[in-house]
Structure formats: C-alpha cells, structure tokens
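Undergrad: Starting from these lines, generate the structure:
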Amino acid sequence: MTEASASDGRVLFDIDRDTRIATVTLNNPAQRNSYDQAMRDDLARYLDIVVDDDDITVVLLRGAEGVFSTGANMNNAYGWYGDGNGDTPISEKRRPSQRRRLTVDRKTFGFYHEFLGFPKVTVGEISGFALGGGFEMALMTDISVIARDTRIGMPATRFLGPALGSLHMFFHRLGPVLARQLLLTGDIVTAESVEHRGVFTETCEPAHVTARARYWAEKAAKMPADGVVIAKEAFRLVEQSQAYQGEEVASYLFHAFGTNLQFASGEFNFVKTRAQHGTKDAFRLRDEHFHVPEPDLT
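TA: Model (predicted):
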C-alpha cells in the first residue's frame, strides 16, 4: 500500500503493513539515481515517518531500474552550498566561504549520521552502481544484498581529495586496507572483487538481488519491534565507543576543508573543467587523467 511519494516522483515511499516493511526507492533513473538536496530531504522525511510509526520494523532502501545510486548529483557541484541567503547557487567564479561550507556540510552529514544510527532495521537492495553518497548509504545499511557486477567506490576523491567525510565508517566497514585503496586512488571496483572481504551481507547474481533483499527484509521484520530498537541503540553505542568517536564533528569538518582544494599545475580540477567543457566531457577527461595502465608482467 503506497502511503506517500515525493511531489516530483523522484523518491517513492511505500508501506506494507502486513509485513511491517517500508520501501524507499530512489527514482531518478535518467541520472542513475543520483540525488540532489531536494531528493535527500524527501528521503530524510520518509525515514522520519518510519521512525514515528510503531508498526514498521524494517526499511528496504533501493533504486529504480536496477541501479542503486551514483551519489550526489555533481552537475551542481558548488551549487549545493548556495549563497547563504536562499536557494540561489553561488557563482562559478566564486568559492563558498569556509563558514558557508561548514554550515551546509554540518547539515548534510547530519543526514548520514541519522541514517547510520537509524533505530529500525535498514536493508539495502544494491545493484548497478553504488558510488559516492550511494556507496556510503549502502555501507550504512544493517543488511546489504548486492549484485556481483555492481560497481562501487568513491570516484569523487579524484577531484575533491580523499577526505570526503565518513572516514570512520569506511575504515570500520571496509577495513583499513580496502578503505585506503578506494579513497587514495578513486578506484571503482565490482562487488564480486571484494566478496571475500565480507563487506556486504550477501553478494549474489543480479537477477536475484530483489528477491534476496526482500527475503532479508521479511526475515528481520519477524523480530520483536521493541527488541530491534533496543538492539539498534546498543549497536550504535558499541560503534560510537569503539569506532566512531568524534565522527559527528570530524565528518563534516574534513569534508568542508577537503572541498576547498587548491589545484597545482597538472592536477585535475573537475569544477573548472566542467565550466570549460561541460559535464559529460569533464567526466571523460577526468577518467583519462587518472587512467594508469596496468604493467605488462608477461
């Protein structure tokens, strides 16, 4: 039974009260389910509805048309910060102030902080792409089912640097070796290549992802609702005391400073390149700049 949907249809929300499962679908397939601030706000609003609904135990998070999410929409780059006085994007020629960055990033990372500590069970149905913020949300889910051919990573490190925030979560969920590889190179890898590391709950064939994610959601929804909420708070306490100390400040602080990089000659500046060549060519030029051929060891 559908209870609500976003005004523009880019985030869909459905509740099945018989199974006690809410489903949230990122529905922006034309842009591989990347999201802007309005979509993120809709997602947060629906999650708040679930928090306040005592009859819902599980949230199933997925993307439309076989793609989870390619993360924040970088077509707007600095436009996320606005001008501090409304919704008007800042000029391409003027960087936002550090005070503006800190204000916006604190709010932005507040969303991820709340999702990481969400009091109901979160299940991720992950396929196609899980990049950037989409990868972060995939890692934050309690139970994650991912297709073997799903491409995962943090490509934004190639033009914003490795200090994107959520470093605590990357190191805790990925492990320090894989976290450093993905953050220091911007590599995009397949879920199959890290299956042996146990990053996700289940890695399966693409055709099985939807059914397997639903299976895990229904399995978790059988648990006592009070017990789940108590357990989630206990899990959060353990992670905060062992792995996430200081993360509430460090995540947005590192991101705000990291997105104010000064580029030396020969380094790739995505925002400048996008302004000069357009978004499509900027991504192509980015990939060309960072491509290093594998050595021939034969």
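
Undergrad: where along the stretch 101-250 of the chain do the strands fall?
TA: Along the stretch 101-250 of the chain, counting by DSSP state E, counting those that start in this stretch, strands occupy 121-126, 129-131, 143-147, 151-153, 188-190, 202-204.

Undergrad: Out of those, which gets nearest to residue 115?
TA: Among the strands of the stretch 101-250 of the chain, strand 121-126 comes nearest to residue 115, with 7.5 Å by CB to CB. For every residue, glycine as well, the C-beta is placed using N, CA and C.

Undergrad: Go ahead and name everything in contact with that closest one.
TA: 57-63, 68, 115, 137-138, 140-147, 150, 191, 200, 209-210, 213-214, 216-217, 220-221, 223, 228, 232 (CB atoms under 8 Å, 6 or more residues apart in numbering).

Undergrad: Serialize the strands of the stretch 101-250 of the chain to TSV and add fields for distance to residue 269 and mean pLDDT.
TA: Shown next, in TSV, are the strands of the stretch 101-250 of the chain (distance: least, CB to CB, whole Å; pLDDT from 0 to 100):
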stretch	distance to residue 269	mean pLDDT
strand 121-126	31	98
strand 129-131	20	97
strand 143-147	33	98
strand 151-153	20	97
strand 188-190	20	97
strand 202-204	36	98
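
Undergrad: End to end on stretch 217-233, go ahead and measure it.
TA: Terminal residues of stretch 217-233 are spaced 19 Å apart (CA to CA, to the nearest Å).

Undergrad: what does stretch 186-204 give?
TA: 24 Å.

Undergrad: Now, of the contacts of strand 121-126, which are buried?
TA: 57-63, 68, 115, 137-138, 140-147, 150, 191, 200, 209-210, 213-214, 216-217, 220-221, 228, 232 (16 or more other CB atoms under 10 Å).

Undergrad: and residue 205, how many residues sit next to it?
TA: 10 (other CB atoms under 10 Å).

Undergrad: confidence score at the residue nearest to it when sequence neighbours are not counted?
TA: Distance criterion CB to CB, 6 or more residues apart in numbering; nearest residue to residue 205, sequence neighbours excluded, is residue 148 at 6.4 Å. Listed pLDDT for residue 148 reads 98.

Undergrad: mind starting the numbering at 21 from now?
TA: Will do, 21 is the new start, and the previous item becomes residue 168.

Undergrad: Against residue 230, how distant is residue 168?
TA: 14 Å (CB to CB, to the nearest Å).

Undergrad: do the same with residue 274
TA: Taking CB to CB, one finds residue 274 at 35 Å from residue 230.

Undergrad: where does the protein dip in pLDDT?
TA: Along the chain, segments meeting pLDDT under 70 span 21-27, 94-115, 183-184.

Undergrad: Now do the buried residues in stretch 82-94.
TA: Quick answer for stretch 82-94 (16+ other CB under 10 Å): 82-84, 86-94.

Undergrad: Oops, could you answer that again for stretch 211-220 instead?
TA: Neighbour-count burial for stretch 211-220 [16+ other CB under 10 Å]: 211, 214, 219-220.

Undergrad: So what touches it?
TA: 146, 158-159, 164-170, 172, 193-195, 198, 223.

Undergrad: can you give me the helices for the protein?
TA: 57-72, 118-136, 153-160, 177-180, 187-194, 196-205, 229-241, 245-262, 267-278, 290-297, 299-310 (DSSP state H).

Undergrad: Show me what the fifth one packs onto, helices and strands only.
TA: Yep, that's helix 187-194 we're talking about. helix 153-160, helix 196-205, helix 267-278 (3 or more CB pairs under 8 Å, 6 or more residues apart in numbering; DSSP states H and E).

Undergrad: out of those helices, nearest to residue 37?
TA: Between residue 37 and those, the shortest gap by CB to CB is with helix 153-160, which sits at 24.7 Å.

Undergrad: Can you list the helices and strands that the closest one packs against?
TA: Short answer (3+ CB pairs under 8 Å, 6+ apart): helix 153-160 packs on helix 118-136, strand 141-146, strand 171-173, helix 187-194.

Undergrad: sorry, back to before: for the buried residues of stretch 82-94, which one is nearest residue 44?
TA: Nearest member of the buried residues of stretch 82-94 to residue 44, counting by CB to CB, is residue 82, at 7.4 Å.
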